[in-house]
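Student: Following is a predicted model, sequence given first.
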Amino acid sequence: MAIVILDYGMGNLGSIQNMLQYLGEDAVITSELSVIEKADKLILPGVGSFDAGMAQLESAGMMGLLKDMVDNRKKPILGICLGMQLMTKGSEEGKSEGLGWLDASTHKFDFSQVSGLRVPHMGWNHISVTRAHELVADLDEEPRYYFVHSYYISANNPADVIATASHGHTFVAIMSKDNIMGCQFHPEKSHRYGMMLLKNFAKI
């Protein structure tokens, strides 16, 4: 079983699967623990609120298996949008603890003192690659991706940051710690740029 897209009730699952299948990758959407357990790689998508996401993972019964696969078996996992935020220690959006896989925290964009900047940050935006990583191999010189988010990630260790973007201020666009990777944007909505990132993930 190559890539498993985790179905816990929060995310753009079909679009991710379609892009991976277009690339010739074996990708399945499932909530079945017996299928998840056989995955070579995992994708944790997510659209919605932080506490709801954590509650859905818990109610789906995935938490223990995911922690075993990621922490102990070191399976590569990619968090997308809310999925990456759930990998942090916690969020200003809610009270739940995050998965804690990334040494980072999630904060709300606050432009109450600034005119002309909207929340959510929505639409195409360029990213700046800050360090070499397999996930960003062979990207165009000025890669751009589609974002939709009201919360952003702040990393405690700059060495974990792969790429940044800017909306009012700089924030983490892609980060990684060992086998754990995440992107704030939606690769499945980002055409050839997103296709390249998912292709790179499939190669890892």
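Tutor: Okay, I see it. All values derive from a computational prediction rather than experimental measurement.
Student: Please count neighbours and contacts with C-alpha atoms only from this point.
Tutor: Fine.
Student: wait, doesn't residue 100 sit right on residue 89?
Tutor: Yes: in this structure residue 100 lies within contact range of residue 89 using CA atoms under 8 Å: 4.3 Å.
Student: Could you check which of these two has the larger neighbour count?
Tutor: residue 89 (17 against 14; other CA atoms under 10 Å).
Student: list the buried ones in the longest strand seen in the chain?
Tutor: Longest strand of the chain, by residue count under DSSP state E: strand 169-177. In terms of neighbour count (16 or more other CA atoms under 10 Å), strand 169-177 has its buried residues at 171-176.
Student: ranges for the strands of this structure?
Tutor: So, for the chain - with DSSP E - the strands run 3-6, 27-30, 41-44, 77-80, 104-108, 121-126, 128-129, 144-149, 151-155, 161-167, 169-177, 180-183.
Student: Of all those, which one is nearest residue 115?
Tutor: Closest approach to residue 115 among the strands of the chain (CA to CA): strand 161-167, 12.5 Å.
Student: And the lengthiest helix in the chain, what does it pack against?
Tutor: In the chain, taking DSSP state H as the definition, the longest helix is helix 191-203. With contacts taken as 3 or more CA pairs under 8 Å, 6 or more residues apart in numbering; DSSP states H and E, helix 191-203 sits against helix 13-22, strand 144-149.
Student: now these as CSV including mean neighbour count?
Tutor: Shown next, in CSV, are the helices and strands packed on helix 191-203 (neighbours: other CA atoms under 10 Å):
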stretch, mean neighbour count
helix 13-22, 17
strand 144-149, 20
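Student: what would these look like in a markdown table with mean pLDDT and distance to residue 156?
Tutor: Shown next, in a markdown table, are these (pLDDT from 0 to 100; distance: least, CA to CA, whole Å):
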| stretch | mean pLDDT | distance to residue 156 |
| --- | --- | --- |
| helix 13-22 | 96 | 29 |
| strand 144-149 | 97 | 20 |
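Student: Now distance to residue 60 too, for those, in a markdown table please.
Tutor: What follows is these, written out as a markdown table (distance: least, CA to CA, whole Å):
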| stretch | distance to residue 60 |
| --- | --- |
| helix 13-22 | 16 |
| strand 144-149 | 24 |
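Student: just so I know, which of those lies nearest residue 199?
Tutor: Nearest to residue 199, of all these, is helix 13-22, at 7.5 Å by CA to CA.
Student: Residue 129 - nearest residue in space that isn't next to it in sequence?
Tutor: residue 163 (4.1 Å; CA to CA, 6 or more residues apart in numbering).
Student: what sits against the one you found?
Tutor: 127-131, 172-175 (CA atoms under 8 Å, 6 or more residues apart in numbering).
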